[in-house]
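Undergrad: Can you look at this prediction? I've put the sequence above it.
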Amino acid sequence: MKQQVFILQGDGPGLLVRRQQSGGLPVLYVHGATFPSALSAAYRFNGRSWMDDWNARGFDAWAFDFAGFGGSDRYGDDAQSETIPGRAPQAAAQIARVMSYIAAITGHSSVAIVAHSWGTIPAALFAAQNPQAVNALCLFGPVLRRDGEAKTSAREKYRLVTIEQQRARFIEDVPSDHPPVLIEPELADWGPAYLASEPGASLRFPAAVKIPNGPAADIAAAWSGNLAYDPGRLQCPVLCVRGEWDSVTSDADAAWLLSRLSHPARRDVKISKGTHLMHLEHSREDLFVAVGDFLKENAGAVSPRS
């Protein structure tokens with residue numbers, strides 16, 4: 001399926017939006033803390049991406065890049081400001097812009113959201129603030145509240161991420177005696193594509209992608225007891241889906257989330273032999289099924305405008 005890729009202008013930074021159109025209900029993908037939509041929901045292994053899977057299931061597939069990532073505008077560098085760019089409220093406002101555009105284009109006043117990792121924080125914040133706009137929320141490897149002090153904090157406005165740092169993170173939760181679960185264990189194609197996602201990345205030594213540190217600050221806050229949203233305010237069906245080896249979303253985290261959700265359609269799915277990066281792993285087919293089935297069952301309660 002051919003993608004339409006364009007820049008959404010308006011009140012705020014220009015946002016790269018991609019769509020693989022079908023006549024079905026719209027689903028929006030919200031990416032995580034370190035890599036954009038081209039390297040996640042839109043990335044094809046063996047000619048097939050998660051967005052392709054949504055189209056095959058009858059959904060109108062959408063994704064976008066937050067400001068500071070991929071093809072979207074970068075934040076302005078205000079040397080006098082100590083604000084870390086890309087925190088959850090800023091990101092939720094960007095989701096709001098994209099959701100409004102999807103509603104205007106498709107005629108659907110309510111859209112399903114699938115979010116990954118840190119992206120679940122602004123996605124859930126938006127859903128809590130705009131219950132009429134979200135008909136289903138799938139939280140893939142969500143960052144949730146933990147009481148205590150986070151092991152890391154974010155004080156700098158930006159950070160640099162190399163391919164090797166990404167690879168080390170991607171494999172660190174896999175048991176040492178288990179074969180690789182990444183579809184590209186050495187990131188042979190994904191790695192160069194990641195460097196190509198940010199202008200100037202290949203000019204650094206070592207080559208590295210510059211990203212806003214707002215996501216890291218949100219994660220540190222959540223793991224210190226200050227999650228940016230209240231799960232009790234979510235009024236739509238919610239899926240928590242995670243890998244067996246996902247250290248970001250533990251059994252205790254998932255139990256905490258489900259205990260605070262009020263909608264009767266709430267589900268926790270743990271997928272065997274998967275980590276926090278299942279959409280890049282051989283277990284991605286199980287992830288696709290879990291999310292696809294949940295969307296089929298729960299999205300679409302709101303009909304298109306006539």
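TA: Alright, I've got the coordinates.
Undergrad: Name the SS class of residue 90, please.
TA: Following DSSP: H, G, I helix; E, B strand; the rest coil, we place residue 90 in the helix state.
Undergrad: who touches it in this structure?
TA: Residues counted as contacts of residue 90 (CB atoms under 8 Å, 6 or more residues apart in numbering) are 67, 214. Using the backbone N, CA and C atoms, a C-beta is placed for each residue, glycine as well.
Undergrad: any idea of the mean pLDDT for stretch 287-306?
TA: For stretch 287-306, mean pLDDT rounds to 78.
Undergrad: how about that stretch: buried residues?
TA: Buried residues in stretch 287-306, defined by neighbour count with 16 or more other CB atoms under 10 Å: 287-288, 290-292, 294-295, 298-300.
Undergrad: What segments of the stretch 101-250 of the chain are strands?
TA: Assigned strands in the stretch 101-250 of the chain, in chain order: 111-116, 134-140, 158-161, 209-212, 238-243 (criterion: DSSP state E, counting those that start in this stretch).
Undergrad: which of these is buried the deepest?
TA: Ranked by mean neighbour count, the strands of the stretch 101-250 of the chain are led by strand 134-140 with a mean of 28 (mean count of other CB atoms under 10 Å).
Undergrad: Flag the shaky bits of the stretch 101-250 of the chain, pLDDT-wise.
TA: Applying pLDDT under 70 to the stretch 101-250 of the chain picks out residues 149-154.
Undergrad: what do you get if the cut-off is 80, keeping everything else the same?
TA: Within the stretch 101-250 of the chain, the segments meeting pLDDT under 80 span 149-155.
Undergrad: Helices of that one, start to end?
TA: Ranges of helices in the stretch 101-250 of the chain, per DSSP state H, counting those that start in this stretch, are 120-129, 163-171, 190-195, 214-222.
Undergrad: Now do the first one against strand 134-140, angle only.
TA: Helix 120-129 runs at 160 degrees relative to strand 134-140, counting by axes from the mean of the first three to the mean of the last three CA atoms, to 10 degrees.
Undergrad: what residues does helix 120-129 touch?
TA: Outside helix 120-129, the residues that touch it by CB under 8 Å, 6+ apart are 30, 88-89, 91-92, 94-96, 99, 113, 115, 133-134, 137, 139-143, 218-219, 222, 227-231, 233-236.
Undergrad: Just the buried subset of the residues you listed, please.
TA: 30, 88, 91-92, 94-96, 99, 113, 115, 133-134, 137, 139-143, 218-219, 222, 227-229, 231, 234-236.
Undergrad: Residue 58: how many residues sit nearby?
TA: Neighbours of residue 58 under the rule other CB atoms under 10 Å: 13.
Undergrad: residues in contact with it?
TA: 22-25.
Undergrad: Residue 54 touches residue 27, doesn't it?
TA: Yes. Counting by CB atoms under 8 Å, residue 54 does reach residue 27; the two are 5.4 Å apart.
Undergrad: any common contacting residues for the two?
TA: Common neighbours of residue 54 and residue 27 are listed as 60-61 (criterion: CB under 8 Å, 6+ apart).
Undergrad: Looking at the contacts of residue 58, state which has the most neighbours.
TA: residue 25 (24 neighbours).
Undergrad: Quick check, pLDDT for that residue.
TA: As predicted, residue 25 sits at a pLDDT of 96.
Undergrad: One more: residue 2?
TA: On pLDDT, residue 2 comes in at 82.
Undergrad: Now it: closest residue in space that isn't a chain neighbour?
TA: Spatial nearest neighbour of residue 2, excluding adjacent residues (CB to CB, 6 or more residues apart in numbering): residue 20 at 7.4 Å.
Undergrad: correct me, but the one you found touches residue 57?
TA: No. With contact defined as CB under 8 Å, residue 20 does not count as touching residue 57 (11.9 Å).
Undergrad: circling back to that earlier point, show me which of the contacts of residue 58 is closest to residue 182.
TA: If you rank the contacts of residue 58 by distance to residue 182 using CB to CB, residue 22 comes first, at 29.1 Å.
Undergrad: ok, that closest one touching residue 59?
TA: Yes. Between residue 22 and residue 59 there is a contact at 6.5 Å, judged by CB under 8 Å.
Undergrad: Report how many residues lie close to the residue lying closest to residue 215 once chain neighbours are set aside.
TA: Leaving aside its chain neighbours, residue 215 sits nearest to residue 33 (3.6 Å; criterion: CB to CB, 6+ apart). Using other CB under 10 Å, residue 33 is surrounded by 22 other residues.
Undergrad: ok, now which ones touch residue 33?
TA: Residue 33 is in contact with 117-119, 211, 215-216, 219, counting by CB under 8 Å, 6+ apart.
Undergrad: Quick check: phi and psi at residue 61.
TA: Per-residue torsions, residue 61: phi -90, psi 130 (degrees, to the nearest 10).
Undergrad: Many thanks, I have nothing further to ask.
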